[in-house]
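A.B. asks: Let me see the structure of the following:
(one chain, ligands or ions: 1)
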Amino acid sequence: MISINLFNPVNTGVLKTNYSEFKSFVENKQVRKIEVINKKEARVYISPDQLDQPPHKDKNIPKKSVFGGPNNGPHYVFNIPNNESFSSYLEEAQKEYSRKNQTLMYDYVEEDNFGKDILGWIIFFGIMIAVWSFIMRRVSGGGGGAGGQIFNIGKSKAQMFGQGKSTNVTFDNVAGLEEAKEEVKEIVDFLKTPKKYTALGAKIPKGALLVGPPGTGKTLIAKAVAGEAKVPFFSLSGSDFVEMFVGVGASRVRDLFKQAKEKAPCIIFIDEIDAIGRARGKNPNMGSNDERENTLNQLLTEMDGFGTNSGVIILAATNRADVLDRALMRAGRFDRQIYVDMPDLNERKEIFEVHLKPLKLEKKLDKDFLARQTPGFSGADIANICNEAALIAARKKKTSVQKQDFLDAVDRIIGGLEKKNKIITKQEKKTIAYHESGHATVSWMLEHANPLVKVTIVPRGQS
Ligand code: ADP
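C.D. replies: A predicted model of the protein is given here:
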């Protein structure tokens with residue numbers, strides 16, 4: 001700004017005037033000198049003896065210059081209307097002055113306005129920086145989470161539990177699955193008291209793979225481990241490694257293990273590991289996903305490379321163990337496979353007990369009956385039934401959830417919504433009933449068929 005003040009006289013107490021007023025100054029012989037700047041602007045120097053004459057007297061022109069000496073001008077500045085006529089006007093005026101034995105000087109000056117140029121550049125760069133930082137903030141997803149910044153794109157997106165942050169799930173929330181619980185509890189024990197095992201020369205396993213159909217509680221077990229392990233627990237999903245940029249996955253794996261090693265002993269949990277652990281293609285050029293393979297390779301080396309990662313145990317869950325890469329499954333990486341199966345009758349009862357706890361139930365609800373009514377249901381299905389039953393009871397404005405609500409919920413989940421407007425004649429109904437009871441009888445009589453739970457001819461959903 002200083003440069004602007006120095007170069008631009010307008011800011012140093014020079015008054016703005018116009019062409020016609022300037023002419024009157026000239027006619028009154030008050031002007032000493034004129035400087036024409038860049039053929040656009042004229043700076044007017046008033047004779048010192050005229051400064052305390054009207055009209056200048058009343059215009060509070062500063063008496064002193066910015067540097068302290070007397071104000072020698074310029075005193076006025078104005079925009080030149082038309083170059084041609086202005087220069088001839090000056091010539092005329094000079095002649096007129098000399099006739100009166102006075103001098104009028106004029107000069108044409110070419111001036112670069114550094115101040116304006118520099119200011120222009122400063123503004124330009126300012127805008128560029130503002131735009132750039134705006135874009136950066138946008139790309140980084142709202143400027144919030146540490147994982148989202150563009151510079152952090154190679155950082156792992158794992159959530160960390162333990163050390164203050166907990167999942168609120170304990171092993172009590174996991175019903176049944178005794179063997180699986182036993183196994184994961186042992187893994188936690190490895191981390192807490194490794195001496196017990198290494199004293200006998202045993203090596204601590206590197207990882208365990210939870211395998212089983214969807215909804216059987218694999219994620220739930222992992223959450224329970226996180227809740228109870230009392231060691232840092234990194235949780236992320238296989239798809240968290242995948243990004244549209246090449247090389248990000250591998251870099252995230254590296255970062256994940258780097259963080260984990262700093263926090264060791266700790267557990268890393270990768271849900272849906274099939275997203276990256278799928279068997280690598282045989283033909284690298286034919287449509288196989290290079291990026292995913294790089295990520296997997298990095299995971300393999302991190303798990304069993306030269307680098308030591310003692311004190312880091314990896315839990316992973318998948319319901320597609322068949323598609324996983326063989327290298328991932330070999331001993332030394334996921335040494336243990338924990339099979340999480342569909343719950344049997346007793347386990348279903350236990351799962352019901354877990355999920356019925358928060359519900360308001362009728363007094364004598366038979367949980368065995370519910371377990372018997374739900375063969376082939378996973379833990380997630382049972383959780384769903386309990387919720388659905390409560391919703392149905394609420395819809396019927398009941399004060400507690402009753403057995404019938406559970407049966408309706410089961411029917412609804414197996415068969416879909418009841419079709420109330422599908423009109424069938426009485427005769428048709430009778431025929432269908434005979435037909436279906438035939439199926440039911442055969443099913444009832446056969447020894448190795450699935451047990452018969454319910455027979456209905458109410459049309460539902462697609463069936
Ligand atoms: P997945 O095996 O597909 O990871 P989840 O662990 O996500 O399945 O289970 C989904 C839901 O099912 C859980 O949040 C829980 O409510 C219920 N669930 C499944 N298995 C059990 C179980 N053994 N005990 C209690 N709840 C269960």
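A.B. asks: Contact partners for the residue of the stretch 351-463 of the chain found nearest the ligand?
C.D. replies: In the stretch 351-463 of the chain, the residue found nearest to the ligand is residue 379; the distance is 2.1 Å by C-beta to the nearest ligand atom. Every residue, glycine included, has its C-beta placed from N, CA and C. Each residue near residue 379 by C-beta atoms under 8 Å, 6 or more residues apart in numbering is listed here: 175-176, 215-217, 220, 343, 351.
A.B. asks: Not counting sequence-adjacent ones, nearest residue to it?
C.D. replies: Using C-beta to C-beta, 6 or more residues apart in numbering and skipping the chain neighbours, the partner closest in space to residue 379 is residue 217 (4.6 Å).
A.B. asks: Was I right to think that neighbour contacts residue 173?
C.D. replies: No: using C-beta atoms under 8 Å, residue 217 is not in contact with residue 173; the gap is 9.3 Å.
A.B. asks: Closest residue of the stretch 51-200 of the chain to the ligand?
C.D. replies: residue 175 (3.8 Å).
A.B. asks: thinking that residue is in contact with residue 347, fair?
C.D. replies: Yes: using C-beta under 8 Å, residue 175 is in contact with residue 347, at 6.4 Å.
A.B. asks: Number of residues surrounding the closest residue to the ligand within the stretch 201-350 of the chain?
C.D. replies: Residue nearest to the ligand within the stretch 201-350 of the chain: residue 217 (2.7 Å; C-beta to the nearest ligand atom). If you count neighbours by other C-beta atoms under 10 Å, residue 217 ends up with 27.
A.B. asks: in a helix, that's where the residue of the stretch 51-200 of the chain closest to the ligand is, yeah?
C.D. replies: No: Residue 175 is assigned coil when assessed by DSSP: H, G, I helix; E, B strand; the rest coil, not a helix.
A.B. asks: Mind listing what's buried along stretch 211-227?
C.D. replies: 211-212, 215-227 (16 or more other C-beta atoms under 10 Å).
A.B. asks: end to end, how far does it reach?
C.D. replies: 21 Å (C-alpha to C-alpha, to the nearest Å).
A.B. asks: just to confirm, which helix or strand has residue 195 in it?
C.D. replies: helix 194-198 (DSSP states H and E).
A.B. asks: Run through who's touching that helix.
C.D. replies: With C-beta under 8 Å, 6+ apart, helix 194-198 has contacts from 189-190, 204, 265, 311.
A.B. asks: Within the sheet, what are the partner strands of the helix or strand following it, with directions?
C.D. replies: Reading on from helix 194-198 to the C-terminus, the next helix or strand found by DSSP H and E is strand 207-211. Here strand 207-211 is paired, per DSSP bridges, with strand 312-318 (parallel), strand 336-339 (parallel).
A.B. asks: which of these is buried the deepest?
C.D. replies: strand 312-318 (a mean of 26; mean count of other C-beta atoms under 10 Å).
A.B. asks: Quick one: mean pLDDT over that one.
C.D. replies: Taken as a whole, strand 312-318 has a mean pLDDT of 87.
A.B. asks: Take the strands paired with strand 207-211 and write them to JSON lines, including distance to residue 56.
C.D. replies: Listed next are those as JSON lines, based on distance: least, C-beta to C-beta, whole Å:
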{"stretch": "strand 312-318", "distance to residue 56": "86"}
{"stretch": "strand 336-339", "distance to residue 56": "99"}
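A.B. asks: JSON lines for those strands, including distance to the ligand?
C.D. replies: Shown next, in JSON lines, are the strands paired with strand 207-211 (distance: least, C-beta to the nearest ligand atom, whole Å):
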{"stretch": "strand 312-318", "distance to the ligand": "6"}
{"stretch": "strand 336-339", "distance to the ligand": "11"}
